[in-house]
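Colleague: Whatever this is, show me its structure:
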Amino acid sequence: MIIKKIHSKNIALQLIRKGHDFIYCEPHATKERLTVFFFEETAQLKRDLNEIFS
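Modeller: Next up, the predicted model:
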C-alpha cells in the first residue's frame, strides 16, 4: 500500500467528503500545532487532488 501524506486539514476533509478512507494522522515532525493526515494513494485520490487544486 502506498501512503499519501496530506498536510492540510481542509484538503483532508474534502477528500473524506469525496469518500476516501482516512487511515491515520500524526503530529507534524517539526511544527507542534500541525497534523499530517494519511490516505491510501489511489488513482481516484490523485484525480480528486488534481480537481481540488485546480
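
Colleague: what ranges do the helices span in the protein?
Modeller: With DSSP state H applied, the chain shows helices at 9-17, 43-53, listed in chain order.

Colleague: contact partners of the lowest-mean-pLDDT helix or strand in the chain?
Modeller: Of all helical and strand segments in the chain, the minimum by mean pLDDT, DSSP states H and E falls on strand 22-27, at a mean of 93. Residues outside strand 22-27 that contact it (Cβ atoms under 8 Å, 6 or more residues apart in numbering): 3, 12, 15-16, 34-40. In short, each C-beta sits where N, CA and C put it, glycine included.

Colleague: Which of those sits closest to Asp48?
Modeller: Within the contacts of strand 22-27, proximity to Asp48 (Cβ to Cβ) peaks at Leu15, which comes in at 6.2 Å.

Colleague: Can you give me the separation between that closest one and Thr30?
Modeller: Leu15 is 23 Å from Thr30, where distance means Cβ to Cβ, to the nearest Å.

Colleague: Compare neighbour counts for those two and give me the winner.
Modeller: Shown here are Leu15 and Thr30; by other Cβ atoms under 10 Å, Leu15 has more neighbours (22 against 6).

Colleague: which ones are touching that one?
Modeller: 6, 22, 39, 45, 48-49, 52.

Colleague: On the pLDDT front, check it for me.
Modeller: Note on Leu15: pLDDT of 97.

Colleague: surely Leu34 meets Ile6?
Modeller: No - look at Leu34 against Ile6 with Cβ atoms under 8 Å: they stay out of range, at 11.2 Å.

Colleague: Compare those two (neighbour count), which wins?
Modeller: Between Leu34 and Ile6, counted using other Cβ under 10 Å, the more crowded position is Ile6 (21 against 12).

Colleague: beta partners for that one?
Modeller: Bridge pairing for Ile6 (DSSP bridges) gives the partners Phe37.

Colleague: Just want to check the distance between it and Leu13.
Modeller: 10 Å.

Colleague: again, but for Glu51
Modeller: Glu51 sits 15 Å away from Leu13, taking Cβ to Cβ as the criterion.

Colleague: quick one: which of the two has more around it?
Modeller: Set Glu51 next to Leu13 and count neighbours by other Cβ under 10 Å: Leu13 wins out with 13 against 10.
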